[in-house]
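> Here you go, sequence then predicted model.
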Amino acid sequence: MLENEITKANLRTMIVNFYGEVLKDDLVGPFFIDKLGPNLGSKTWGEHLDILTDFWASIYLGDMNYRGSPFAPHIELEGLKAETFKRWLKLFFETVNTIYEPHIADQFKNRSTLIAGNFMRNLGL
């Protein structure tokens with residue numbers, strides 16, 4: 001059954017499911033494995049998943065736990081290309097479609113497309 005509202009719990013499910021798919025992807029996965037390792041259950045990944053859950057909760061729930069700059073970590077990554085972001089979006093879209101009703105999934109798709117576009121523009125991609 002697809003979710004009809006956004007909660008912190010289903011945001012966490014979405015994030016965990018999404019990055020589980022990311023780690024299996026041959027284009028996007030290596031960027032995350034290089035920085036965070038291959039085990040989604042590790043302490044390093046747990047901290048990253050917490051940050052990402054808080055990030056999305058700040059956008060959709062007004063949660064004030066997110067402290068950071070989503071763009072900053074991407075500056076350090078070598079080899080990012082527009083194709084990397086396009087694949088990230090494809091995987092993200094597929095994941096939100098499995099978690100949320102279409103009207104909510106579309107909100108995530110629209111916001112993530114804007115974010116990825118800003119990142120690519122700021123990175124000169």
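Sure, I can see it. Numbering: from 1, shown residues only.

> Identify all contacting residues around the longest helix seen in the chain.
Counting by DSSP state H, the longest helix found in the chain is helix 102-123. Under the contact criterion Cβ atoms under 8 Å, 6 or more residues apart in numbering, helix 102-123 has outside partners 3-6, 14, 56, 59-60, 70-71, 74-75, 80, 82, 85, 88-89, 92-93, 96-97, 99-100. The C-beta positions use only the backbone N, C-alpha and C, and glycine is treated the same way.

> Separate out the buried members of the residues you listed.
Applying 16 or more other Cβ atoms under 10 Å to the contacts of helix 102-123, the neighbour count classes 3, 6, 14, 56, 59-60, 74, 80, 85, 88-89, 92-93, 96, 99-100 as buried.

> just to revisit the earlier point, among the contacts of helix 102-123, which are located in helices?
Among these, the members falling in helices (DSSP H) are 14, 56, 59-60, 74-75, 82, 85, 88-89, 92-93, 96-97, 99.

> a strand runs through G41, doesn't it?
No - applying DSSP: H, G, I helix; E, B strand; the rest coil, one finds G41 to be coil, outside a strand.

> Now do it against E94, distance only.
Separation of G41 from E94 (Cβ to Cβ, to the nearest Å) stands at 22 Å.

> Which of these two has more residues huddled nearby?
Of the pair G41 and E94, E94 is the one with more neighbours under other Cβ atoms under 10 Å, namely 13 against 9.

> close enough to count as contact, the more buried one and E21?
Yes - the criterion here is Cβ atoms under 8 Å, and E94 meets it with E21 at 7.2 Å.

> Please name the spatially closest residue to N17 (chain neighbours excluded).
Among residues not flanking N17 along the chain, T95 sits closest, at 5.3 Å (Cβ to Cβ, 6 or more residues apart in numbering).
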